[in-house]
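**Q** Structure for this input, please:
(one chain, ligands or ions: 1)
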Amino acid sequence: MTLVNLDAKIGDVSAPRPTKERPYLVPREPVYFARPSASYRARHVEIDAAIQRVLDGHVYIMGDEVKAFEEEFAAFTGAAYAIGVANGTDALHLSLRALGIGAGDEVITTAHTAVATAAAIEMAGATPVFVDIDLATFGLDPSKVEAAITPKTRAILPVHLYGHPVDMGPLLELATKYNLEIVEDCAQAHGAMWSGRQVGTIGRVGCFSLYPTKNLGALGDGGIIVTSDAKLAEKLRLLRQYGWRDRQLSEIPGFNSRLDEVQAAVLRVKLRYLAQDNAKRRKIAQRYNNAFVDLPMITPSVQPGCEAVYHLYVIRTRNRDQLKAWLAQQDIIAGIHYPLPVHHHPAYSERFGATKLPAAESLSDQILSLPMYPELTNQQIERVIDGVRRFHQAAAAD
Ligand SMILES: Cc1ncc(COP(=O)(O)O)c(C=O)c1O
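**A** Alright, predicted model coming up:
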């Protein structure tokens, strides 16, 4: 039996201390679909030292840590340049602007993504054009893209969702044929590979979120853009800080979208472990795949020529809501990415709701993100496997 201190929430340090008269055992901690604090705990000595280094210095914004992180991240991806920004939404927004994309332009993308993808297109002043997805990759269906191209189309914006690369070959061909830019949304795919190349380096520009839950996550907001185009990199550097090359002189109208030194210092530590952490995610995914092979649900697959990094482990099942509720009873907190395709959100439905996207629309009530992060323990993985299997046993017995 698990004894629970009824006065305490997990992590609540102000809760009454145990006494002889009122002893308690720490309640079993739930298993969450993502747990950024586990990543901090795993490297806390190095992270604490990195933060202290910044605190002891004199520059807290746009100093040596940001510069070093940019160089190290560029080297990691194989791109020539990396530009740190305030978040992943800005990475997309500023990239579109740097490419001269704005009012009157159309950008082809997916509706099965974080709202941020569409929001960034609108922040640039352009119009998103939603195209359906390929259920094998959960990304843009390349066979549907050409029909959506109009004289106003300026870019294709594929999202490497859940850590699986989009099928980029046909998109590259279309980009050449119609003279379009490719802006990759890599917010969920740090380190994923397509045809031997890292995502973000396949199109003209790659945009990463460094939000805490991401495969490479800060302790707050952050984003980074990679490109091998020197002129574009220069423009992005201007755009992220009021158009400044030299302080206080605005050469072009810009924004405030800076990455700070504390985040960069933390990210430098975490970047050193990214490849190893991605490998751990792949191992966990393999364990799940093996354990669920005989169950009536669809597990994620990896397409030929791709290396996925399992930002999320998303299964599809008709009993999604029941499975989610059952798991919650076992303290296993699954997620839904995403409960609604973007064009069905109130902010977009009036303008885009009429677009028919059968594959994307079919997913909303089927998908479930099971716990997936590198620090999951064997015991936690077993709890998830056991919970999912027992749900199906109980359903079969009904
Ligand atoms: C696919 C996708 N694109 C863009 C973003 C935006 O990133 P951020 O939250 O750092 O602005 C996210 C993160 O939520 C995302 O998952």
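**Q** Thr213 against Pro36, yeah?
**A** Yes: in this structure, Thr213 is within contact of Pro36 by C-beta atoms under 8 Å, at 5.4 Å. For every residue, glycine as well, the C-beta is placed using N, CA and C.
**Q** wait, what's in contact with Ala119?
**A** By C-beta atoms under 8 Å, 6 or more residues apart in numbering, the contact set of Ala119 is Thr89.
**Q** Likewise for the one 5 residues further on?
**A** Ala124 makes contact with His93, Leu96, Arg97, Ile101, Gly102, Val107 under the criterion C-beta under 8 Å, 6+ apart.
**Q** how many neighbours does Ile333 have?
**A** 17 (other C-beta atoms under 10 Å).
**Q** how far away is the spatially closest residue to it that is not a sequence neighbour from the ligand?
**A** Spatial nearest neighbour of Ile333, excluding adjacent residues (C-beta to C-beta, 6 or more residues apart in numbering): Tyr32 at 4.8 Å. Remark: distance between Tyr32 and the ligand (C-beta to the nearest ligand atom, to the nearest Å) = 16 Å.
**Q** ok, Tyr32 - how many residues close by?
**A** 20.
**Q** quick one: Ala308 and Asn289 touch, right?
**A** No: Ala308 is not in contact with Asn289 according to C-beta under 8 Å; the separation is 11.4 Å.
**Q** These two: who's more crowded?
**A** Just comparing Ala308 and Asn289: by other C-beta under 10 Å the higher neighbour count belongs to Ala308, 25 against 15.
**Q** Next up, the contacts around the more buried one.
**A** Tyr162, Gly163, His164, Pro165, Ala192, Arg282, Ala285, Pro300, Val302.
**Q** which parts of the protein sit against the ligand?
**A** 87-89, 113-114, 116-117, 159, 185, 187-188, 209, 211, 221, 223 (C-beta under 6 Å from any ligand atom).
**Q** Of these - the most surrounded one?
**A** Ranking these using other C-beta under 10 Å puts Asp185 first, with 32 neighbours.
**Q** ok, that residue to Ile156 distance?
**A** 11 Å (C-beta to C-beta, to the nearest Å).
**Q** shared neighbours of the two, anything?
**A** With C-beta under 8 Å, 6+ apart as the test, Asp185 and Ile156 both reach Thr109.
**Q** which ones are touching Phe76?
**A** Phe76 touches Gly191, Gln198, Leu271, Leu274, counting by C-beta under 8 Å, 6+ apart.
**Q** Skipping adjacent residues, who's closest to the closest residue to the ligand within the stretch 51-200 of the chain in space?
**A** Closest to the ligand within the stretch 51-200 of the chain is Gly88: 2.5 Å, counting by C-beta to the nearest ligand atom. Spatially, and ignoring its direct neighbours in sequence, Gly88 is nearest to Ser209 (2.5 Å; C-beta to C-beta, 6+ apart).
**Q** sorry, back to before: most neighbours, which of the contacts of Ala308?
**A** Gly163 (31 neighbours).
**Q** quick one: that one and Tyr310 touch, right?
**A** Yes: between Gly163 and Tyr310 there is a contact at 4.8 Å, judged by C-beta under 8 Å.
**Q** what sits in contact with each of the two?
**A** In contact with both Gly163 and Tyr310: Arg281, using C-beta under 8 Å, 6+ apart.
**Q** If any of the contacts of Phe76 are buried, put those into a PyMOL selection.
**A** Per 16 or more other C-beta atoms under 10 Å, the buried members of the contacts of Phe76 correspond to this PyMOL selection:
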select buried, resi 191+198+271+274
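**Q** List the contacts of the spatially most central residue of the chain.
**A** By C-alpha atoms, centre = their mean, the mean C-alpha position of the chain lies nearest to Gln188, the distance being 2.6 Å. Taking C-beta under 8 Å, 6+ apart, we find Gln188 in contact with Val159, His160, Leu161, Tyr162, Gly163, Ser209, Lys214, Asn215, His311, Leu312.
**Q** can you tell me which of these are in helices?
**A** In helices, defined here by DSSP state H, there are no members of the contacts of Gln188.
**Q** And those, which two are furthest apart?
**A** Val159 and Asn215 (14.5 Å; C-beta to C-beta).
**Q** Show me the domain layout of this protein.
**A** 1-32, 41-272, 274-397 (automatic domain parsing).
**Q** all helices in the stretch 101-250 of the chain, in order from the N-terminus.
**A** 115-123, 142-145, 168-178, 230-239 (DSSP state H, counting those that start in this stretch).
**Q** ok now the shortest one, how far from the chain's centre?
**A** Okay, so that is helix 142-145. Relative to the centre of its chain, helix 142-145 is centred 23 Å away, using C-alpha atoms, centre = their mean, to the nearest Å.
**Q** The third one too?
**A** Mean-position distance between helix 168-178 and its chain equals 24 Å (C-alpha atoms, centre = their mean).
**Q** name the helices or strands packed onto that helix?
**A** helix 142-145, strand 153-156, strand 181-185 (3 or more C-beta pairs under 8 Å, 6 or more residues apart in numbering; DSSP states H and E).
**Q** The same query, at a cut-off of 6 Å, please.
**A** Helix 168-178 sits against helix 142-145, with contacts defined as 3 or more C-beta pairs under 6 Å, 6 or more residues apart in numbering; DSSP states H and E.
**Q** Low-confidence ranges, the protein, go.
**A** 1-27 (pLDDT under 70).
**Q** That's all I had, so thanks and see you.
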